[in-house]
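[1] Got a predicted structure here, sequence first:
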Amino acid sequence: MAGLGTVFLRVVLRHPVLATEALRTALATATPGWFRKPPFLPRPEPTYRDWRLATAYGRSDADPSTKEMVEYLQWRRTLRKTH
């Protein structure tokens with residue numbers, strides 16, 4: 001999903017402090033063997049991505065806003081640090 005990748009990139013460029021968490025998130029949700037097939041990017045497993053977007057937004061083709069992605073990555077970082 002190009003929209004999701006664009007939002008991810010925008011977040012990292014505007015909030016470099018979240019770059020590590022963004023990379024962790026990308027790797028944690030990446031399709032197995034992503035590094036063996038072009039474009040060699042850790043993209044989310046399509047079924048997981050669709051389910052995640054559908055449960056969050058009611059439709060699998062939703063594009064989260066930059067603000068929502070920042071909040072999500074901050075939440076992940078906080079959760080990881082407290083556990």
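    In hand now; what should we look at?
[2] mind listing what's buried in the lowest-mean-pLDDT helix or strand in the chain?
    Every helix and strand of the chain was ranked by mean pLDDT, DSSP states H and E. The lowest is helix 2-14, at a mean of 85. Neighbour-count burial for helix 2-14, with 16 or more other Cβ atoms under 10 Å as criterion, is recorded at L4, V7, F8, V11, V12. In this view, the C-beta of every residue, glycine as well, is placed from N, C-alpha and C.
[3] Same question for stretch 68-83.
    For stretch 68-83, burial by neighbour count (16+ other Cβ under 10 Å) applies to M69, V70, Y72, L73, R76, R77.
[4] Mind exporting the C-alpha coordinates of it to PDB?
    Extracted in PDB, the C-alpha atoms of stretch 68-83 (Å, rounded to 0.1, in the frame of the first residue of the first chain):
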ATOM      1  CA  GLU A  68      -2.200   9.000  13.800                       C
ATOM      2  CA  MET A  69       1.100   7.300  12.700                       C
ATOM      3  CA  VAL A  70       3.100   9.500  15.100                       C
ATOM      4  CA  GLU A  71       0.800   8.600  17.900                       C
ATOM      5  CA  TYR A  72       0.900   4.900  17.100                       C
ATOM      6  CA  LEU A  73       4.700   4.900  17.000                       C
ATOM      7  CA  GLN A  74       5.000   6.900  20.200                       C
ATOM      8  CA  TRP A  75       2.500   4.400  21.800                       C
ATOM      9  CA  ARG A  76       4.600   1.400  20.600                       C
ATOM     10  CA  ARG A  77       7.800   3.000  21.900                       C
ATOM     11  CA  THR A  78       6.300   3.800  25.300                       C
ATOM     12  CA  LEU A  79       4.800   0.300  25.600                       C
ATOM     13  CA  ARG A  80       8.100  -1.300  24.700                       C
ATOM     14  CA  LYS A  81      10.000   0.700  27.300                       C
ATOM     15  CA  THR A  82       7.500  -0.100  30.100                       C
ATOM     16  CA  HIS A  83       7.500  -3.800  29.600                       C
END
